[in-house]
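Enquirer: what shape does this take:
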Amino acid sequence: MKYYVKENTGKGFITHEDNELSFISGHPGNVWSTDNTAWAERVGAVEITEEEAQSIIEAAIQTFSGPVTGSLI
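Expert: Reported below is the predicted structural model:
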């Protein structure tokens, strides 16, 4: 599984065809996880490490609910 960061641009950001190739899962903080590298390339998503993804997700959740403990991905 690879992790990416990219703001959702709306309609067409993830197509049915994209998900058919490999499921794309969205997380807080504009983090996406998938094995679909063609989708990532098409939308200009930047690959990040699992640790970076975890930090971004935790920061996004803390903004709304306070401290986070444990793994979220």
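Enquirer: all the strands of the protein, residue numbers only.
Expert: Assigned strands in the chain, in chain order: 2-5, 25-27, 31-34, 46-48 (criterion: DSSP state E).
Enquirer: ok, and what's touching the third one?
Expert: With C-beta atoms under 8 Å, 6 or more residues apart in numbering as the contact definition, strand 31-34 has outside contacts at 1-6, 22-27, 40, 45, 48, 53, 56-57, 60, 73. No exception for glycine: its C-beta is placed from N, CA and C like everyone else's.
Enquirer: report the buried members of these.
Expert: Restricting the contacts of strand 31-34 to buried positions leaves 2-5, 24, 27, 40, 45, 48, 53, 56-57, 60, with burial counted as 16 or more other C-beta atoms under 10 Å.
Enquirer: can I get those in TSV with pLDDT and distance to residue 14?
Expert: Shown next, in TSV, are the buried ones among the contacts of strand 31-34 (pLDDT from 0 to 100; distance: C-beta to C-beta, whole Å):
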residue	pLDDT	distance to residue 14
2	98	15
3	98	15
4	98	12
5	98	15
24	97	5
27	97	13
40	98	11
45	98	11
48	98	18
53	98	17
56	97	19
57	96	18
60	93	19
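Enquirer: which regions of the protein sit below the pLDDT cut-off?
Expert: For the chain, the stretches with pLDDT under 70 are 66-73.
Enquirer: at 90 instead, please
Expert: Filtered on pLDDT under 90, the chain yields the residue ranges 62-73.
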